[in-house]
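In: Predicted model follows, preceded by the sequence.
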Amino acid sequence: MATISVDTAEAPELTDWGRHAGELCAQWYPKIAVLLGVEGELQADRAIELWFRKDMNGVANTSPREGIIRISASYVKAHTNDWGMPIHELVHTIQSFGGRSGPPAAFSADDIKDPAGLAAKLKEHSDAVSQFVWGAISEEGRQAVAAPAADGSGGKLLSTLLAKELSAIARTNNLFAEARFASVTLSDATKGMADQELEGGRLVRFNRLLLEDAYPDAIARRRGGRGGSNGSWLTEGIADYIRLAHFEPEAPLPRPINPDKAKYTDSYKTTATFFRWIEKNYDKDLVKKINLALRDGKYKIEMFKDCTGKTIDELWSEFADSLRKEQNKAVTAT
């Protein structure tokens with residue numbers, strides 16, 4: 001069980017809406033715990049707070065360890081039927097229950113796949129992002145970037161130092177500014193978080209995504225399969241899976257998934273729909289298994305093959321083909 005409290009002091013006109021949202025969260029907290037396989041870890045004194053903020057941009061954000069869900073009052077006023085939103089945020093409080101906050105988002109030396117190339121860009125700092133990063137790294141970092149080892153012996157050391165510097169930057173303030181990233185092609189996952197008020201782990205994940213987008217040839221993307229072992233796409237995909245597959249299974253997607261452009265790492269509804277398809281066709285407990293593996297630090301992309309007999313890329317290809325068939329069928333019918 002969990003105690004749910006609601007604070008609508010900044011938006012008293014949403015008192016009734018907030019009360020109902022709190023009731024839904026109280027009902028669904030134990031249900032979500034069962035769906036994610038963590039019901040045995042729940043504590044009776046778990047407290048979750050819903051704060052409605054009148055000047056908040058974006059939609060909502062959650063501080064999992066504190067159990068605080070911040071919700072934009074203006075968003076709720078414009079979307080009074082979006083009861084799935086607080087449920088999505090509630091999932092995050094359970095994903096990190098007990099002080100575990102899911103997969104880390106800081107950089108490791110292995111994430112820096114081209115340390116010399118990244119060092120050269122930072123040393124030059126001719127673009128807006130590199131100029132910002134150059135100004136933010138330590139003097140030790142600047143010296144190493146400015147004069148990397150001439151032979152190959154310094155590559156690992158340089159990767160380690162760059163990872164340390166970028167991790168420190170990612171843990172500070174929100175790095176996003178339109179002018180700074182104007183020439184950078186942002187991924188869908190990055191765009192999905194750009195308008196949110198972020199803090200803690202979610203802010204670090206967002207900053208990492210920004211730096212991945214800015215240096216695609218130098219920094220490996222943490223996508224659980226290509227160049228990394230985890231990523232926010234899993235965290236957000238699981239949260240939307242709970243919402244779409246269990247809380248509101250009949251709700252239509254706001255827009256169809258484009259099988260020719262979408263990726264399983266697009267997060268949110270795309271990843272959630274992909275998970276629903278896998279559970280329907282291959283392993284009904286896939287999401288539960290992935291969530292438990294993430295919480296225990298044991299997640300590997302090979303889990304998809306272990307559970308289904310197919311790699312995640314093979315599954316996505318099959319899923320995309322099924323979308324094409326459905327969409328072609330719908331066009332023919334009209």
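Out: Thanks, I have it.
In: Please count neighbours and contacts with C-alpha atoms only from this point.
Out: OK.
In: In the stretch 151-300 of the chain, mark out all the helices, start to finish.
Out: 155-170, 188-194, 200-214, 232-241, 268-281, 286-295 (DSSP state H, counting those that start in this stretch).
In: So which elements touch the fourth one?
Out: Think helix 232-241. helix 84-95, helix 268-281 (3 or more CA pairs under 8 Å, 6 or more residues apart in numbering; DSSP states H and E).
In: Reformat the ones you listed as CSV; add distance to A320, mean neighbour count and mean pLDDT.
Out: Rendered in CSV, the data for the helices and strands packed on helix 232-241 read as follows (distance: least, CA to CA, whole Å; neighbours: other CA atoms under 10 Å; pLDDT from 0 to 100):
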stretch, distance to A320, mean neighbour count, mean pLDDT
helix 84-95, 25, 24, 93
helix 268-281, 9, 20, 95
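In: Kindly reformat those helices as TSV and extend each row with distance to A47.
Out: Output for the helices and strands packed on helix 232-241, formatted as TSV (distance: least, CA to CA, whole Å):
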stretch	distance to A47
helix 84-95	10
helix 268-281	26
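In: for these, which one sits closest to R53?
Out: Across the helices and strands packed on helix 232-241, the minimum distance to R53, taken as CA to CA, is reached by helix 84-95, at 13.9 Å.
In: what angle do the closest one and helix 268-281 make?
Out: If you take axes from the mean of the first three to the mean of the last three CA atoms, to 10 degrees, helix 84-95 sits at 70 degrees to helix 268-281.
In: Please report how far A47 lies from T93.
Out: Taking CA to CA, to the nearest Å as the measure, A47 falls 10 Å from T93.
In: Which residues are in contact with each of these two?
Out: The contact sets of A47 and T93 overlap at G67 (CA atoms under 8 Å, 6 or more residues apart in numbering).
In: other SSEs contacting the longest strand anywhere in the chain?
Out: The longest strand of the chain (DSSP state E) is strand 46-53. Applying 3+ CA pairs under 8 Å, 6+ apart, we find strand 46-53 packed against strand 2-7, strand 68-72.
In: give me the number of residues near the closest residue to L36 other than its chain neighbours?
Out: In space, and not counting its chain neighbours, L36 is closest to K288: 4.6 Å by CA to CA, 6 or more residues apart in numbering. Neighbour count for K288, taken as other CA atoms under 10 Å: 17.
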